[in-house]
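1. With the sequence up front, the predicted model follows.
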Amino acid sequence: MQTIFRDAMSRLGSPVVLVTTDGPAGRHGLTVSAITSVSDTPPTVLICLNQNNHSHQAFLKNGKVGISILGKGHDELAFTFANSRLTAEERFTHGQWHTSPQGIPLLKNALATLDCSIEDTYQSGTHDVLFCQAHSITINDGTGHGLTWFDRAFHHLPMQNT
C-alpha cells in the first residue's frame, strides 16, 4: 500500500519551497513540497515535516519558520536543501540570503518569502503538521516561472502577466 500511495502522490503537482529556521536550536533548512495556504485572516500556511528529518526538532524548538517560494533557476538549490548528506552550514553556502525581521534566513531571489511563527502543531503518522502564521511577506517581481514537483521531477510554470 505504501508504494502505490507514493506512486499516486507523485502524480499530484506540488509547490517547491525552502523552509528555514534559526534560533536557540540553530540554523536549519530543507526543501518541502507539502505546504499549502490555510487562511488569509490571519495569513496562515501549513507545512508537513517528517519527524525523522534531522532538522525537525530545530523547527519546533525555534518556533519560527521562513518560507522561500522557489522558481525557475532554483532546481539545484532545491536538490541541495533536500540532500540529507549535507550539514546545515553546507546548505547555506548555496544561494544568496538575507535575514527576516525575526532573524530567519530567507532566499533573496525567491518568488516570494514569508516570515512566520509556528502557532500550532498536529501529529499525523510519520509527520508533524505545522500551522504557521505569517508576520511579513515579500513578493519579488520579474522572476518568471514557478517551480513545481510532479512525477518525481521539477517543472516550471509560467507566471501570468498582470
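-> That came in fine, so what should we check first?

2. helices and strands around whichever strand or helix holds H156, which ones?
-> Taking DSSP states H and E as the criterion, H156 maps to strand 153-158. Helices and strands touching strand 153-158, by 3 or more Cβ pairs under 8 Å, 6 or more residues apart in numbering; DSSP states H and E, are strand 145-150. Every C-beta, even on glycine, is put in place using the N, C-alpha and C of the backbone.

3. and if we set it to 10 Å?
-> Strand 153-158 is packed against helix 75-82, strand 145-150, with contacts defined by 3 or more Cβ pairs under 10 Å, 6 or more residues apart in numbering; DSSP states H and E.

4. wait, which of the ones you listed is closest to R11?
-> With Cβ to Cβ, the closest approach to R11 among those belongs to strand 145-150: 7.4 Å.

5. what sits up against the closest one?
-> 10-17, 31-33, 69-75, 77-78, 110-112, 154-159 (Cβ atoms under 10 Å, 6 or more residues apart in numbering).

6. Show me which of those are buried.
-> 14-17, 31-33, 69-72, 74-75, 77-78, 110-112, 154 (16 or more other Cβ atoms under 10 Å).

7. Nice, that's everything, thank you.
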